[in-house]
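Student: predicted model follows, preceded by the sequence.
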Amino acid sequence: MPILNRAAELQDEVTGWRRQIHQTPELGYDVVRTAAFVADKLREFGCDDVVTGIGRTGVVGIIKGRLGDGRTVGLRADMDALPISESTGKPYASTISGKMHACGHDGHTAMLLGGAKYLAETRNFAGSVAVIFQPAEEGGAGGKAMVNDGMMERFGIGQVFGMHNLPGLPVGQFATKPGPIMAATAEFKISIKGRGGHAAMPHTAVDPIVIGSQLVNALQTIASRSADPVEAVVVSVTKFHGGEAYNVIPETAELGGTVRTLKQEIATLARQRMQAICDGIGQASGATITLSYSPNYPVTFNHPEETVFASDVAATIAGDAQVHRSMPPVMGGEDFSYMLEARPGAFIFIGNGDTANLHHPAYDFNDEAIPHGVSYWVKLAETALAA
């Protein structure tokens, strides 16, 4: 079955919603305007219940089927943007300085709104659909906040499904896999206290810049020499701050970065090796090195049965050849992981075509993907809740 005729008819309207959201991006939990827009639309569609303030600023709409009582399936989209200055030059570009929808959450929100409108019109299912609009995916753990607010229990959600666009995957295609599909994330900060001095007399100092450089190189051996080569682990130093003058060796320096893994035992190994490297280089150099390590999102783990189901639904929209059922895991993090820890479900990627990559100032969600995404949400709900 190709995309639904009604989904194609809705494309221009959904595109308008998407671009409106795109122009007024909001960060983290401060998605007040976006959440209000979503709630107003859900009420306009005739949802049976629209609840705001879940997980601080999340929104949940409930749509009851006309074919009788049954289970409740949750469909989730994220609403927040990123602190990036947009460079697309599009007529609907961000009007808020330093903020933009560089990850496509505007498209995710609009597609789920399109699905909600269709489902509220037809109600061709038994049971209920919970459309979930989440704040603070970009590092704020809004998914965890909604789960901790009792969302699953309050609305009786038995299964939950998520979707994210993927640049490089052609429009009209889908990709997923059972098991770990996105990485667990952690953030670290390494503080180095040496001894400052004159740049012309380095022998009198304990140079935190040189020590920091040694740490950057040594940390790369966690992936290359400490972990099994077939296991996925990324250790990226993304910050290096130290010094203010050309002729002064500073007293201190600070490194920061992220660790990405697909298994808990590899995450534990990475943390242990980071501590050992800091201790060893500190002892060898005479500096005091302090590691602060903060685990963040857990692994996004697709439940096998629900992943097969989601793939089969996508195949009814795109054709089986256009659904990649064993894609390589992505080492980015995703807080839909918390919802998948709370309930069985699956996370799937939808093609965004040949566009700039996620989190890039030139990125823009591809509106041609909208009818494919709306069709997926509708068919997933109707199939999961078939009478």
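Tutor: Received, thanks.

Student: for burial, what's the neighbour tally of V308?
Tutor: V308: 15 surrounding residues under other C-beta atoms under 10 Å. Where you see a C-beta, it was placed from the backbone N, CA and C, and this is true even at glycine.

Student: correct me, but it touches T176?
Tutor: No - under the criterion of C-beta atoms under 8 Å, V308 makes no contact with T176, lying 9.6 Å away.

Student: so what touches stretch 145-152?
Tutor: Counting by C-beta atoms under 8 Å, 6 or more residues apart in numbering, stretch 145-152 makes contact with 29, 54-56, 58, 60, 74, 132, 134-136, 157, 160, 338-339, 341-343, all of which sit outside it.

Student: C-alpha coordinates for it, PDB please?
Tutor: What follows is stretch 145-152 as a C-alpha-only set of coordinates in PDB (Å, rounded to 0.1, in the frame of the first residue of the first chain):
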ATOM      1  CA  ALA A 145      10.300  13.500  33.000                       C
ATOM      2  CA  MET A 146       7.100  12.400  31.300                       C
ATOM      3  CA  VAL A 147       7.600   8.800  32.400                       C
ATOM      4  CA  ASN A 148       8.300   9.900  36.000                       C
ATOM      5  CA  ASP A 149       5.100  12.000  35.900                       C
ATOM      6  CA  GLY A 150       3.200   8.700  35.600                       C
ATOM      7  CA  MET A 151       2.300   9.100  31.900                       C
ATOM      8  CA  MET A 152       2.200   5.400  31.100                       C
END
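
Student: pull out the buried residues from that stretch.
Tutor: Of the residues in stretch 145-152, those buried by neighbour count under the rule 16 or more other C-beta atoms under 10 Å are A145, M146, V147, D149, M151, M152.

Student: of these, which belong to helices?
Tutor: A145, M146, V147, M151, M152 (DSSP state H).

Student: tell me where the stretch 1-150 of the chain is predicted with low confidence.
Tutor: Along the stretch 1-150 of the chain, the model assigns pLDDT under 70 to residues 1.

Student: please enumerate the helices of it.
Tutor: Secondary structure of the stretch 1-150 of the chain, counting by DSSP state H, counting those that start in this stretch: helices at 5-9, 11-23, 32-45, 105-122, 142-148.

Student: what does the first one contact?
Tutor: So the one you mean is helix 5-9. Contact partners of helix 5-9, identified using C-beta under 8 Å, 6+ apart, comprise G114, Y118, E121, I370, P371, H372, V374, S375, V378.

Student: for the most centrally placed residue in the chain, give me the pLDDT.
Tutor: Taking C-alpha atoms, centre = their mean as the criterion, E334 is the residue nearest the geometric centre of the chain, at 3.5 Å. Here the pLDDT value assigned to E334 is 98.

Student: give me the distance between it and G257.
Tutor: 19 Å (C-beta to C-beta, to the nearest Å).

Student: and for P167?
Tutor: Counting by C-beta to C-beta, the gap from P167 to G257 is 24 Å.

Student: re the thing from before, turn the ones in helices among the buried residues of stretch 145-152 into JSON lines, columns for distance to P295.
Tutor: Written out in JSON lines, the entries for these read as follows (distance: C-beta to C-beta, whole Å):
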{"residue": "A145", "distance to P295": "17"}
{"residue": "M146", "distance to P295": "20"}
{"residue": "V147", "distance to P295": "17"}
{"residue": "M151", "distance to P295": "23"}
{"residue": "M152", "distance to P295": "23"}
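
Student: quick revisit: any chance of the helices of the stretch 1-150 of the chain in CSV, with distance to G70 too?
Tutor: Compiled in CSV, those are given as follows (distance: least, C-beta to C-beta, whole Å):
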stretch, distance to G70
helix 5-9, 23
helix 11-23, 27
helix 32-45, 20
helix 105-122, 14
helix 142-148, 23
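
Student: go through those and pick out the most buried.
Tutor: With neighbours defined as mean count of other C-beta atoms under 10 Å, the helices of the stretch 1-150 of the chain peak in mean count at helix 105-122, which reaches a mean of 26.

Student: which strands and helices sit next to that helix?
Tutor: In terms of contacts (3 or more C-beta pairs under 8 Å, 6 or more residues apart in numbering; DSSP states H and E), helix 105-122 is packed against helix 5-9, helix 11-23, helix 32-45, strand 58-64, strand 72-78, strand 128-134, strand 157-166, helix 370-384.

Student: give me the angle between it and helix 32-45.
Tutor: Taking axes from the mean of the first three to the mean of the last three C-alpha atoms, to 10 degrees, one finds that helix 105-122 is oriented at 20 degrees with respect to helix 32-45.

Student: centre of the chain to helix 105-122, how far?
Tutor: 19 Å (C-alpha atoms, centre = their mean, to the nearest Å).

Student: that older thread, out of the contacts of stretch 145-152, which end up buried?
Tutor: 29, 54-56, 58, 60, 74, 132, 134-136, 157, 160, 338-339, 342-343.

Student: farthest-separated two in the contacts of helix 5-9?
Tutor: Across the contacts of helix 5-9, the two members that end up farthest from each other (C-beta to C-beta) are E121 and H372, 19.0 Å apart.
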